[in-house]
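>>> just a sequence and a predicted model for now, questions to come.
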Amino acid sequence: MPSCPRTACPVCDRPTALTPTSRTGYGAIAQHKRQRGQKSLILCPGSMVQLPYSSATAWQDQMPEDAEPPAAEGEEGTEHLRIF
């Protein structure tokens with residue numbers, strides 16, 4: 001599961017994700033509305049603008065895909081579920 005870097009929108013200054021593009025080293029600002037909670041379908045003009053990944057202010061940590069929950073004490077695996 002890939003993680004998307006976060007950056008501020010150049011128009012409304014809201015933190016948004018940079019989605020991958022075919023252009024190497026660049027990402028597109030994710031589509032978003034100018035104000036949160038707005039019920040209109042008008043998107044911010046900064047949506048889908050391409051920015052370099054070097055402008056990212058934060059990166060999301062990727063969760064391990066094959067991580068299993070720890071087994072309960074005294075049990076070998078997770079095939080038996082304990083209710084109490």
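Noted; the coordinates are in hand. Note that the structure is a prediction, hence the values are computed from the model and not measured.
>>> use CA for all of it now, contacts and neighbours both
Will do.
>>> low-confidence stretches in the protein?
Residue ranges of the chain with pLDDT under 70: 1-3, 36-38, 60-84.
>>> mind listing the strands for it?
Assigned by DSSP state E, the chain shows strands spanning 5-8, 15-20, 26-29, 50-52, 58-59.
>>> of all the ones you listed, which one comes closest to K39?
Proximity to K39 (C-alpha to C-alpha) singles out strand 15-20 among the strands of the chain, at 18.6 Å.
>>> grab the CA positions of stretch 35-53 and hand them over as CSV.
Backbone C-alpha positions of stretch 35-53 (Å, rounded to 0.1, in the frame of the first residue of the first chain) are rendered in CSV as follows:
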residue,chain,number,x,y,z
GLN,A,35,-13.4,25.2,2.5
ARG,A,36,-14.2,22.2,4.7
GLY,A,37,-17.9,21.4,5.2
GLN,A,38,-18.9,23.2,2.0
LYS,A,39,-21.8,21.3,0.3
SER,A,40,-21.1,22.7,-3.2
LEU,A,41,-19.3,20.6,-5.8
ILE,A,42,-16.9,23.4,-6.6
LEU,A,43,-13.3,22.3,-6.3
CYS,A,44,-10.3,24.5,-5.2
PRO,A,45,-8.4,25.9,-8.3
GLY,A,46,-5.3,24.4,-6.8
SER,A,47,-6.6,20.8,-7.3
MET,A,48,-4.6,18.6,-9.7
VAL,A,49,-1.7,21.2,-9.9
GLN,A,50,1.6,19.3,-10.2
LEU,A,51,4.3,20.1,-7.6
PRO,A,52,7.7,18.5,-7.0
TYR,A,53,7.9,15.9,-4.3
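>>> make TSV from the strands of the chain and add distance to L41 and mean neighbour count to it.
Putting these into TSV (distance: least, C-alpha to C-alpha, whole Å; neighbours: other C-alpha atoms under 10 Å) gives the following:
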stretch	distance to L41	mean neighbour count
strand 5-8	21	20
strand 15-20	17	21
strand 26-29	17	22
strand 50-52	21	16
strand 58-59	27	13
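>>> now the ones you listed in JSON lines, with distance to I42?
Conversion of the strands of the chain to JSON lines gives the following (distance: least, C-alpha to C-alpha, whole Å):
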{"stretch": "strand 5-8", "distance to I42": "19"}
{"stretch": "strand 15-20", "distance to I42": "16"}
{"stretch": "strand 26-29", "distance to I42": "15"}
{"stretch": "strand 50-52", "distance to I42": "19"}
{"stretch": "strand 58-59", "distance to I42": "26"}
